[in-house]
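Chemist: Let me see the structure of the following:
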Amino acid sequence: MTSLLDNIISLEQEADGIIEAAHARSKAVLASVDDELSRYREELTAELEARLARFRAEAEKGFTESLSRASAEHAEKLRAVREAPEGFSIRAVDRILDRFNNW
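Modeler: Model prediction:
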């Protein structure tokens, strides 16, 4: 017959085993959570970098198109000024001076 002391020691050993198993499971759960958080952060970082790359590409494309249009307009206006008859600019200056003088 087992004594009461033997039963208590056996129960304490069983409780120690349960506590050790719980600690091991909690460490495994924490490690799993850390791994999952790392994966989630990596996914978010990759998604954010992809969105930033798309935004940057769209902004650069818009800037390039806008610059191209502005350069074309500038070139057209320069061409129009260069092709204007010589007397045109003299007449325009004379009209402006006449306006200021008669104000």
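
Chemist: What are the boundaries of the helices in this protein?
Modeler: Using DSSP state H, the helices of the chain run over residues 4-83, 86-101.

Chemist: Tell me which residue is most central in the protein.
Modeler: Leu52 (3.6 Å; C-alpha atoms, centre = their mean).

Chemist: what separates that residue from Leu5, distance-wise?
Modeler: For Leu52, the distance to Leu5 equals 69 Å [C-beta to C-beta, to the nearest Å]. Every C-beta, even on glycine, is put in place using the N, C-alpha and C of the backbone.

Chemist: And Phe100, by the same measure?
Modeler: Separation of Phe100 from Leu5 (C-beta to C-beta) stands at 119 Å.

Chemist: How about His23?
Modeler: According to C-beta to C-beta, His23 and Leu5 sit 27 Å apart.

Chemist: shaky segments in this protein?
Modeler: Residue ranges of the chain with pLDDT under 70: 1.

Chemist: Pull out the buried positions in stretch 36-54.
Modeler: Of the residues in stretch 36-54, none count as buried by neighbour count, 16 or more other C-beta atoms under 10 Å.

Chemist: what's in contact with that stretch?
Modeler: In this structure, no residues lie in contact with stretch 36-54 by C-beta atoms under 8 Å, 6 or more residues apart in numbering.

Chemist: For it, list the C-alpha coordinates in CSV.
Modeler: The C-alpha trace of stretch 36-54 is given here as CSV (Å, rounded to 0.1, in the frame of the first residue of the first chain):
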residue,chain,number,x,y,z
GLU,A,36,3.8,35.1,-37.8
LEU,A,37,4.4,38.7,-36.9
SER,A,38,7.7,38.7,-38.8
ARG,A,39,6.0,37.3,-41.9
TYR,A,40,3.2,39.8,-41.5
ARG,A,41,5.6,42.7,-41.3
GLU,A,42,7.5,41.4,-44.3
GLU,A,43,4.3,41.2,-46.3
LEU,A,44,3.3,44.7,-45.3
THR,A,45,6.7,46.0,-46.1
ALA,A,46,6.7,44.4,-49.5
GLU,A,47,3.2,45.7,-50.2
LEU,A,48,4.1,49.2,-49.1
GLU,A,49,7.3,49.1,-51.3
ALA,A,50,5.3,47.9,-54.3
ARG,A,51,2.7,50.7,-53.8
LEU,A,52,5.5,53.3,-53.4
ALA,A,53,7.2,52.0,-56.6
ARG,A,54,3.9,52.2,-58.5
